[in-house]
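> Please find the sequence and the predicted model below.
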Amino acid sequence: MNQSRRQLLLGAGALTGLSIFGARASASVRLRASPLFASEVPRTLVLLQFSGGNDGLSMVVPFGDDAYGRARRATRIADKDVLRIDDYRGFHPNLARMNALYAQGKLAVVEGAGYPSPIRSHFKSYEVWHTADIRGRATGEGWVGKLVSAAWPDNRDPNLVVHIGRNVPYSLYSQTHPAASFPTPTGYKWAGEASERAALEKGGEVCEHGESMDEREPANNLEYLRKVLRDGQASSEAIRRAAVRYRTKTEYADDELAQALRDVAALSAGQVGSRVFSVELGGFDTHSDQKNRHDALMRRLDAALPTFLADIGGTEAGKNTLVLAYSEFGRRVRENGSNGTDHGVAGPMFLAGEAVAGGLYGKHPSLTQLDDGDLIHTTDFRSVYASVIKSWFGVEPARVLGAKYPTLPLLKA
């Protein structure tokens, strides 16, 4: 396919609203529409990114450690307010429903997640977490992109990986399995405006001798482009239909995260061919006024995630849905002068769902033995990835992560 054909295909993707994030516009990439309903419900992974750097010490609070009280004044969670897990730690008081999930064995907390030689830059650490490699984007695809290639190499379903939100995370970057992305499923349309479609159709007219009107390119390339558009339109129709038809068992908050998870529930139930979903909760860069800002984020999380799990609970989709939540780094132990905390290193990761073997994993980092004021990680975050890759999807983790990492018994046998 020559350069002008690549440009036309990429232009078609831009016009139609598909996120062709990481896609190579070549004839080897063939898309197909997925059926609205399938006979079996596959295992799916829902990624929840806490963007900005979540203060893990305000989420899973080490209230039993005197060093916590000495380091925190303005941002401290009072002992009496903590939802106790044990005599050392407990959940933020705004996480009552998350605490209930934990008590039911449906929530796992992995403490002290991080990586060696940590980076405190949002962008660089983000790259490390999203590629599972200290070199970041220089390694190429995101870790989910590599997972998809290893787990479903021949699956060209355009809905295989779906991000619901504004910004497609780098973890989904793939050169062969582009992620579909949209703010809301009901607004997801491949088809552009009438004038845009007309322009594409005109550009795809074929002459009598098998040549296209635009630069006399081969007719089979034009037919391929038409097929991409047809399949993409069918794909978006399936997504919109699943979203419209879905009837929730619970009431979701009028909140961006809650509504995104409602959409995940709809697409899971509608069986549109997705295996990985991605959503985001932003606002965690709490350099100032952290108490109020983080408290609000915890309320939003507690209103959204447990509602989603309750909605799909008891269904085949619920049994086969795993949520993995994480941030690009934690915050420093000691507060700054603006009643907030600055960029840190280690923090907790969370897994939720009916398949989770709930409880505490890893070891809480010391609050006194620090690295330049930062927590020292006790669990490599890639061990959590490896556990999910192996136990949930049955893929050898080294094929995705490029190295072997110890796995954790995070899922039920």
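Looks like it arrived, so ask away.

> how long is stretch 332-348 end to end?
Taking CA to CA, to the nearest Å, stretch 332-348 runs 13 Å from one end to the other.

> Repeat that for stretch 169-177.
Its first and final residues considered, stretch 169-177 spans 14 Å by CA to CA.

> Equivalent analysis for stretch 316-336, please.
This stretch, stretch 316-336, spans 47 Å end to end (CA to CA).

> Only the buried residues of it, if you could.
Using 16 or more other CB atoms under 10 Å as the test for burial, stretch 316-336 gives 317-318, 320-336. No exception for glycine: its C-beta is placed from N, CA and C like everyone else's.

> if you look at these, which of them are in helices?
Per DSSP state H, helices hold the following members of the buried residues of stretch 316-336: 317-318.

> For the host helix or strand of residue 130, give me every contacting residue.
Assigned by DSSP states H and E, residue 130 falls within helix 122-131. Contact with helix 122-131 is made by 52-53, 115, 118-119, 134, 136-137, 139-143, 169-171, 173, 285, 326, 328-329, 343, 381, as judged by CB atoms under 8 Å, 6 or more residues apart in numbering.

> What separation is there between residue 276 and residue 150?
13 Å (CB to CB, to the nearest Å).

> For those two, work out which one has more neighbours and name it.
The neighbour count for residue 276 versus residue 150, taken as other CB atoms under 10 Å, is higher for residue 276 (23 against 16).

> Bridged to the more buried one, which residues?
Under DSSP bridges, the beta-bridge partners of residue 276 are residue 45, residue 161.

> how close does it get to residue 383?
From residue 276 to residue 383 the distance is 19 Å (CB to CB).

> before we move on, what about residue 118?
Applying CB to CB to residue 118 and residue 383 gives a distance of 15 Å.

> Report the residue spans of the stretch 151-300 of the chain with pLDDT below the cut-off.
187, 189-235 (pLDDT under 70).

> those strands in it, which residues are they?
161-164, 180-182, 276-281 (DSSP state E, counting those that start in this stretch).

> Just name whatever secondary elements the first one is in contact with.
Using 3 or more CB pairs under 8 Å, 6 or more residues apart in numbering; DSSP states H and E as the contact test, the elements touching strand 161-164 are strand 180-182, helix 256-270, strand 276-281.

> Can you add distance to residue 236 and give the ones you listed back as TSV?
Compiled in TSV, the helices and strands packed on strand 161-164 are given as follows (distance: least, CB to CB, whole Å):
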stretch	distance to residue 236
strand 180-182	8
helix 256-270	12
strand 276-281	16
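
> right, so of those, which gets closest to residue 63?
strand 276-281 (23.9 Å; CB to CB).

> Distance check, the closest residue to residue 268 other than its chain neighbours against residue 249.
In this structure, residue 268 finds its nearest non-sequential neighbour in residue 317, 4.2 Å apart by CB to CB, 6 or more residues apart in numbering. Separation of residue 317 from residue 249 (CB to CB): 12 Å.

> and if you look at residue 92?
Residue 92 is 26 Å from residue 249, by CB to CB.

> Residue 350 too?
23 Å.

> Those two - which one has more neighbours?
More crowded of residue 350 and residue 249, by other CB under 10 Å: residue 350, with 24 against 12.

> Touching, that one and residue 327? I think so.
No. Checked against CB atoms under 8 Å, the pair residue 350 and residue 327 is beyond contact range at 10.1 Å.

> Could I get the full set of strands for the stretch 301-413 of the chain?
For the stretch 301-413 of the chain, strands defined by DSSP E, counting those that start in this stretch occupy the ranges 321-327, 347-352, 359-362, 379-380.

> what helices or strands is the longest one leaning on?
For strand 321-327, the contact count by 3+ CB pairs under 8 Å, 6+ apart identifies strand 44-50, helix 290-312, strand 347-352, helix 381-393 as packing neighbours.

> How many residues are close by residue 337?
7.

> Please apply the same query to residue 42.
Neighbour tally, residue 42, other CB under 10 Å: 15.

> what's the pLDDT at it?
Residue 42 is assigned 94 on the pLDDT scale.

> Relative to residue 383, how far out is it?
Residue 42 is 25 Å from residue 383, by CB to CB.

> which ones are touching the residue lying closest to residue 347 once chain neighbours are set aside?
Distances taken as CB to CB, 6+ apart place residue 330 nearest to residue 347, at 3.0 Å, with adjacent residues excluded. Taking CB under 8 Å, 6+ apart, we find residue 330 in contact with 53-57, 114, 344-347, 375.

> Quick check, residue 73 in contact with residue 336.
No. Using CB under 8 Å, residue 73 is not in contact with residue 336, being 11.5 Å away.

> so what's in contact with the two at the same time?
By CB under 8 Å, 6+ apart, no residue touches both residue 73 and residue 336.

> From residue 244, how far off is residue 268?
Applying CB to CB, the value for residue 268 to residue 244 is 15 Å.

> Could you check which of these two is surrounded by more residues?
residue 268 (26 against 11).

> hmm, back to that, rebuild the contacts of residue 330 as JSON lines, extending it with pLDDT and distance to residue 77.
Formatted as JSON lines, these follow (pLDDT from 0 to 100; distance: CB to CB, whole Å):
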{"residue": "53", "pLDDT": "97", "distance to residue 77": "18"}
{"residue": "54", "pLDDT": "98", "distance to residue 77": "14"}
{"residue": "55", "pLDDT": "98", "distance to residue 77": "10"}
{"residue": "56", "pLDDT": "98", "distance to residue 77": "12"}
{"residue": "57", "pLDDT": "98", "distance to residue 77": "9"}
{"residue": "114", "pLDDT": "98", "distance to residue 77": "22"}
{"residue": "344", "pLDDT": "96", "distance to residue 77": "17"}
{"residue": "345", "pLDDT": "94", "distance to residue 77": "20"}
{"residue": "346", "pLDDT": "96", "distance to residue 77": "18"}
{"residue": "347", "pLDDT": "97", "distance to residue 77": "15"}
{"residue": "375", "pLDDT": "97", "distance to residue 77": "17"}
